[in-house]
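In: Let's see this in three dimensions:
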Amino acid sequence: MSDSNSTLGKIPATVWVLGGVSMLMDISSEMIHSLLPLFMISTLGTSAFAVGVIEGLAESTALIIKIFSGALSDYFGKRKGLALFGYTLGALTKPLFAIAPTTGIVLTARLLDRVGKGLRGAPRDALVVDITPPEIRGAAFGLRQTLDTVGAFLGPLLAVGLMLMWDNDFRAVFWVAVIPGFFAVILLILGIKEPRGRSIEKRTNPIRRDNLKRLGPTYWWVVTIGAVFVLARFSEAFLVLKAQISGVPMALIPLVMVAMNIVYAASAYPFGKLSDRMSHSTMLAFGLVALIMSDLTLAVGDHWLGLGVGVALWGVHMGMTQGLLATMVAVRGSFDSPALYDGSHS
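Out: Below is the predicted model:
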């Protein structure tokens, strides 16, 4: 316990503030996303296939934008401005879900929201790297991810309460979701200062071929593994639809996301801290096993018990891999040593 408290005490205050910003934005986003598939199908008459297409377009947009946001962050040597723009864009999209009369407006809002996510993710993670000593980066990423995930289960929990209170009024819940999104932007403005000493005398395009070559094979190995994990995971929107098929009452369906994110939040920091001490490859392998078991459980079972087990395994997988992948990218983007495969941070 004392070792854990000692590690937490070494984590810079900025990481805690970034975690708070992520938590508030996730409360806002998950209040909407935990209900959005049901809203599209029951209110707007969207098909399950169209829901899948929208989710696929949205998440791929975030991933593509993240490439360029990271490059811009490195080019300008500034993190806060780009992260602030991304969070602000995300906050501004929330009212669109509340007023959306058609699936097309939902798609527009979803894409803009994911552009915001793509813009803020890379500079936010780079800021964590800039201010955190290498020996505790895994713990720092795990802490930020834990706070982020606390928001990810508080959001659906609030959605359940409001749906029960307001007789399944989707739009009213979406309007309430606007509030924490704007609080996240305010906290980022007031609570984060750009670290000193990051001015770049000569600015160059970081996506040039010679710069990409400098990243080395270890970095590209991590990117490939991350891509495999993304391909092996289906959208969280289908967890919501799976709950509906399993007979969960509509107002209680967001509890599926609550359960998943409770497990995710509880496991992210311990696994992040563990990643500072053990082989990254081994932990990734265990994370992949958890994902496979989750997919199989969700695929073959229609009972609520099977749904619960599958969702819990999904949360364990996320807790094991998400902060770890960010840590591995940070380490392998800066160094090119085969020893880093074994979690050595020398």
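In: Under the pLDDT cut-off, which ranges of this structure? List them.
Out: 1-5, 196-223, 225-234, 323, 325-346 (pLDDT under 70).
In: all strands of it, in order?
Out: For the chain, no strands are identified by DSSP state E.
In: Spatially nearest residue to residue 144 (excluding sequence neighbours)?
Out: residue 19 (4.4 Å; C-beta to C-beta, 6 or more residues apart in numbering). Glycine gets a C-beta too; all of them are placed from N, C-alpha and C.
In: my guess is that neighbour contacts residue 148, does it?
Out: Yes - between residue 19 and residue 148 there is a contact under C-beta atoms under 8 Å: 6.4 Å.
In: more crowded one of the two?
Out: For residue 19 versus residue 148, the count of surrounding residues by other C-beta atoms under 10 Å is larger for residue 148: 25 against 22.
In: Just give the number of residues close to residue 55.
Out: Other residues close to residue 55 by other C-beta under 10 Å number 20.
In: distance of it from residue 146?
Out: Per C-beta to C-beta, to the nearest Å, residue 55 is found 25 Å from residue 146.
In: next one: residue 314
Out: 16 Å.
In: So which of these two has more stuff around it?
Out: residue 314 (27 against 23).
In: Find the nearest non-adjacent residue to the more buried one, please.
Out: Counting by C-beta to C-beta, 6+ apart, the residue nearest residue 314 is residue 294, at 4.4 Å.
In: surely the one you found meets residue 317?
Out: Yes - with contact defined as C-beta under 8 Å, residue 294 counts as touching residue 317 (6.0 Å).
In: more neighbours, those two?
Out: Per other C-beta under 10 Å, whichever of residue 294 and residue 317 has more neighbours is residue 317, with 27 against 24.
In: got the contact list for the more buried one?
Out: By C-beta atoms under 8 Å, 6 or more residues apart in numbering, the contact list for residue 317 reads 287-288, 290-291, 294.
In: Residue 34 versus that one, what's the distance?
Out: Counting by C-beta to C-beta, the gap from residue 317 to residue 34 is 19 Å.
In: just to revisit the earlier point, ok now do the residue nearest to residue 144, which residues does it touch?
Out: 143-144, 146-148.
In: Pick the one among these closest to residue 111.
Out: residue 148 (21.5 Å; C-beta to C-beta).
In: Give me the nearest residue to that closest one, chain neighbours excluded.
Out: Per C-beta to C-beta, 6+ apart, closest to residue 148 is residue 22, 3.8 Å.
In: Does that neighbour touch residue 151 like I think?
Out: Yes - with contact defined as C-beta under 8 Å, residue 22 reaches residue 151; the gap is 6.5 Å.
In: I'd like to know how far residue 57 sits from residue 288.
Out: From residue 57 to residue 288 the distance is 26 Å (C-beta to C-beta).
In: Would you mind telling me which of these two has the busier surroundings?
Out: Regarding residue 57 and residue 288, a neighbour count based on other C-beta under 10 Å identifies residue 288 as having more, with 17 against 14.
In: Give me the neighbour count for the residue lying closest to residue 149 once chain neighbours are set aside.
Out: Spatial nearest neighbour of residue 149, chain neighbours left out: residue 265 (3.8 Å); criterion: C-beta to C-beta, 6+ apart. Other residues lying near residue 265 total 23 when counted by other C-beta under 10 Å.
In: go on, the one 5 residues further on?
Out: With neighbours defined by other C-beta under 10 Å, the count for residue 270 comes to 15.
In: Could you do residue 10 as well?
Out: 13.
In: ditto for residue 35
Out: Residue 35, neighbours per other C-beta under 10 Å, totals 30.
In: Ok, residue 193 next?
Out: For residue 193, using other C-beta under 10 Å, the count is 9.
In: and stretch 17-28, how far out from the chain's middle?
Out: 11 Å (C-alpha atoms, centre = their mean, to the nearest Å).
In: what separates the residue nearest to residue 148 from residue 45, distance-wise?
Out: 34 Å.
In: next one: residue 240
Out: 17 Å.
In: could you pull out the helices for the protein?
Out: 2-10, 13-33, 36-42, 48-76, 80-99, 103-131, 137-165, 170-191, 209-232, 237-245, 255-275, 280-300, 304-334 (DSSP state H).
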